[in-house]
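Q: Next come a sequence and a model predicted from it.
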Amino acid sequence: MGKYQHFEDLEIWKEGMDICKVVYVLLKDCKDYGLKDQMQKAAVSIPSNIAEGYERNGAKEKQQFMYIAKASCGELRTQIYLAISLNYIDSEKGNILINRIKKLSIMIYNYILFLKK
């Protein structure tokens with residue numbers, strides 16, 4: 001893995017953490033505690049699974065956790081669409097976040113392809 005000695009060095013982990021922080025800030029005043037909790041869990045799941053996968057020994061195990069992180073990107077995007085439609089979060093901010101998550105999902109997939117080599 002070359003220059004990456006710790007999961008904290010991975011750009012996908014850094015971006016996942018930043019997205020997670022954005023979700024927490026966007027939802028700080030949200031009173032729909034069910035959706036808020038689900039969105040926060042999905043957001044936290046992204047960098048958490050990247051970290052856990054990175055710490056695993058085998059390539060197949062690493063890939064499995066990266067796929068889980070990628071799936072959490074889809075889950076979170078779906079929840080953001082719902083939050084936008086319910087006017088819980090601003091449409092412009094929500095769509096910017098959705099695009100960031102789409103890019104992160106592609107980055108995670110590219111990392112999976114790297115692991116498969």
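A: Everything's here; your move.

Q: Please, which helix or strand holds the nearest residue to Val22 once chain neighbours are set aside?
A: Using C-beta to C-beta, 6 or more residues apart in numbering and skipping residues adjacent in sequence, the residue nearest Val22 is Leu97, 5.9 Å away. C-betas here are computed from N, CA, C, even on glycine. Take DSSP states H and E as the rule and Leu97 turns out to sit in helix 91-116.

Q: Identify the residues contacting the residue nearest to Glu11 when sequence neighbours are not counted.
A: Take Glu11 and drop its neighbours on the chain: the residue closest to it by C-beta to C-beta, 6+ apart is Met107, 6.8 Å away. Contacts for Met107 (C-beta atoms under 8 Å, 6 or more residues apart in numbering) come out as Glu11, Ile12, Glu15.

Q: and which of the residues you listed is nearest to Tyr67?
A: Nearest to Tyr67 among the contacts of Met107: Ile12, at 12.7 Å, using C-beta to C-beta.
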